[in-house]
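Asker: would you be able to build a 3D model of this:
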Amino acid sequence: MHLWEVMCIIYVAIKRAASRRHVPGLQREGWDNMQLKLRKELMDLDKVSYASDHIDLPEGGIDCGEGCTPYGFPPEMLRAAENFDMNRLGPYPHSTAIFDGLLEYWKGQFYLEPENLLMTDGSIAAIYVVCNIFNRPGARVVGIAPQFTDFEMTVRMLGMDYRPVFLRKENNYTIDPDEIIEAIDEDTSLVYIDNPNNPTGQIIDSYAVEQILKKAAKCGAAVIVDEAYGDFMPNQNSAAKFLEKYDNMIMMRTLSKAFGLAGLRIGYIVAAKPVIAAMRKITNPYAVSEFARELGGEALRHSYHIWENITDFARMKREIKASIGKGHLHIAQTYDTVSIFLLWHDDEDTDLKQEFYDRGVLCVSGADFTGLGRNFARIRLPKLEDFPVLFEAFRAIDEGR
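Answerer: Reported below is the predicted structural model:
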């Protein structure tokens, strides 16, 4: 065996080991003897997250795990890429195309100025930025469980006090805005809700979001509305419309999900000008490349692509919902147009992710979400042409065969 072959094998082994999640002690290995003054929270907490640069797709199967749309980006993007002048990659990025695209996309919904906007490396980087400016050890943060795990992991690693409002099985894991409002008090620094919710795919209506904003404002707390899947709901339901009315509103989005541009790493934050100004003090102004800004701006002008695909998602989800109730599987409250949903098996010992994997479907384990177990799985709907693979796996598990 040649040396380079041995090196390749070692490299792959390292990458696979690095992609493991929730292995006790794995993240602290070797730290006990380290003399560097690392933060205690990082050493004491194992990070639980399904986000990884490694994907283990079953052979011949389909990906229903990653949140980005299976339909890809708008076709107009190809022409924009072909026309892009590569010489523009020499200087630092200064393109306003992404801002112009956002103006077009949000036209008629709210008035956006450059000082209200911060570009980030996807919405996951937006979470890191927002948490950083509110980071005080012991600061109380109100959230929902389950919801996007990386937010909870971030605040815990920063030493903040995370207080989730647990969704309950007896209510079909339906979000109750009144319970969130009740959990907010004078000790609350930050409130986090993802809308649509990840993993259930349910939507909180804008009236309820405004009531949360009102209660938080009275307590001096900011509200992060993570709309990573927000392009799957009408723009009228976005928290962005409260920008001028509530200076404690922080909305974040990404072009990774509905626009199918996860590889370009484009996220953005919309908030009051003083809040954005605080974020700019700790961030990189060149976080999104010139190429990404140009193509992202083009994608935002062609959002029709999303709505063409949404009809397929709604059709598939309705078929799943219509088949629920006859066997072992159950579906949490969800909204038809959102591409993700949450299933659970009535046997708590069932590894639902593995059950789907064995039938050719990659999904996300419920064990990666607070309040859930391995008998849960988050499914991202595939292309309509691949739906028979998912549906057959669903039927087989539901019927116990």
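
Asker: strands of the stretch 101-250 of the chain, start to end?
Answerer: With DSSP state E, counting those that start in this stretch applied, the stretch 101-250 of the chain shows strands at 117-120, 140-145, 161-166, 188-194, 222-226, 249-254, listed in chain order.

Asker: can I get these in TSV including mean pLDDT and mean neighbour count?
Answerer: The way it works is simple: take the backbone N, C-alpha and C, and place the C-beta from them, glycine included. Listed next are the strands of the stretch 101-250 of the chain as TSV, based on pLDDT from 0 to 100; neighbours: other Cβ atoms under 10 Å:
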stretch	mean pLDDT	mean neighbour count
strand 117-120	94	22
strand 140-145	96	23
strand 161-166	95	17
strand 188-194	97	24
strand 222-226	97	26
strand 249-254	96	27
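
Asker: tell me which of those strands lies nearest to Arg378.
Answerer: For these, the distance to Arg378 is smallest for strand 188-194, at 12.5 Å, taking Cβ to Cβ.

Asker: name the helices or strands packed onto that closest one?
Answerer: strand 140-145, helix 149-157, helix 206-218, strand 222-226 (3 or more Cβ pairs under 8 Å, 6 or more residues apart in numbering; DSSP states H and E).

Asker: change it to 6 Å
Answerer: The helices and strands touching strand 188-194, judged by 3 or more Cβ pairs under 6 Å, 6 or more residues apart in numbering; DSSP states H and E, are strand 140-145, strand 222-226.

Asker: re earlier: would you turn the strands of the stretch 101-250 of the chain into TSV with distance to Ser238?
Answerer: TSV is the format used below for the strands of the stretch 101-250 of the chain (distance: least, Cβ to Cβ, whole Å):
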stretch	distance to Ser238
strand 117-120	14
strand 140-145	18
strand 161-166	22
strand 188-194	13
strand 222-226	8
strand 249-254	7
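
Asker: low-confidence ranges in the protein?
Answerer: Within the chain, the stretches with pLDDT under 70 are 1-35, 37, 40-55.

Asker: show me the helices in it, by range?
Answerer: 3-18, 40-44, 76-82, 97-105, 122-133, 149-157, 177-183, 206-218, 273-280, 290-300, 304-323, 352-357, 387-399 (DSSP state H).

Asker: how much space between the spatially most central residue of the chain and Ala396?
Answerer: Nearest to the mean C-alpha position of the chain, counting by Cα atoms, centre = their mean, stands Ala228 at 5.1 Å. According to Cβ to Cβ, to the nearest Å, Ala228 stands 31 Å off from Ala396.

Asker: ditto for Ile379
Answerer: In terms of Cβ to Cβ, Ile379 sits 14 Å off from Ala396.

Asker: more neighbours: which of the two?
Answerer: Ile379 (27 against 15; other Cβ atoms under 10 Å).

Asker: burial measure for Pro146, as a count.
Answerer: 26.

Asker: now do the contacts for the closest residue to Arg136 other than its chain neighbours.
Answerer: Residue nearest to Arg136 in three dimensions, not counting chain neighbours: Ser189, with 6.9 Å by Cβ to Cβ, 6 or more residues apart in numbering. By Cβ atoms under 6 Å, 6 or more residues apart in numbering, the contact list for Ser189 reads 134, 139-140, 221.

Asker: go on, Asp312?
Answerer: Leu384.

Asker: before we move on, what about His330?
Answerer: Trp344.

Asker: gap between Trp307 and Thr69?
Answerer: Noted for Trp307: a distance of 12 Å to Thr69, by Cβ to Cβ.

Asker: looking at those two, which has the bigger crowd around it?
Answerer: Set Trp307 next to Thr69 and count neighbours by other Cβ under 10 Å: Thr69 wins out with 26 against 13.

Asker: ok, Thr69 to Lys241 distance?
Answerer: Counting by Cβ to Cβ, the gap from Thr69 to Lys241 is 24 Å.

Asker: now swap in Ser123 and tell me
Answerer: Taken as Cβ to Cβ, the span from Ser123 to Lys241 is 19 Å.

Asker: ok, those two, which is more surrounded?
Answerer: Ser123 (26 against 18).

Asker: for Asp368, the count of nearby residues, please.
Answerer: Asp368 - counted by other Cβ under 10 Å - has 22 other residues nearby.

Asker: same question for Arg136.
Answerer: 12.

Asker: go on, the one 3 residues further on?
Answerer: The number of residues packed near Ala139 is 19, by other Cβ under 10 Å.

Asker: residues in contact with it?
Answerer: 160, 189.

Asker: equivalent analysis for Pro177, please.
Answerer: Contacts of Pro177 by Cβ under 6 Å, 6+ apart are Ala208.

Asker: let's have the chain start at 46 instead
Answerer: In the new count, where the first residue is 46, that last one comes out as Pro222.

Asker: among the helices and strands packed on strand 233-239, which comes closest to Pro159?
Answerer: Across the helices and strands packed on strand 233-239, closest to Pro159 is strand 267-271 (Cβ to Cβ), at 20.7 Å.

Asker: just the CA atoms of that closest one, as CSV, please.
Answerer: C-alpha atoms of strand 267-271 as CSV (Å, rounded to 0.1, in the frame of the first residue of the first chain):
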residue,chain,number,x,y,z
ALA,A,267,-34.7,40.7,23.2
VAL,A,268,-36.6,38.1,21.1
ILE,A,269,-34.8,36.2,18.4
VAL,A,270,-37.1,34.9,15.8
ASP,A,271,-35.1,32.3,13.8
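
Asker: counting by contacts, list what it packs against.
Answerer: strand 233-239, helix 251-263, strand 294-299.

Asker: what about 10 Å?
Answerer: helix 167-178, strand 185-190, helix 194-202, strand 233-239, helix 251-263, strand 294-299, strand 312-316 (3 or more Cβ pairs under 10 Å, 6 or more residues apart in numbering; DSSP states H and E).

Asker: gap between it and the chain center?
Answerer: 13 Å (Cα atoms, centre = their mean, to the nearest Å).

Asker: what pairs with that strand, and is each one parallel or antiparallel?
Answerer: strand 233-239 (parallel), strand 294-299 (parallel) (DSSP bridges).
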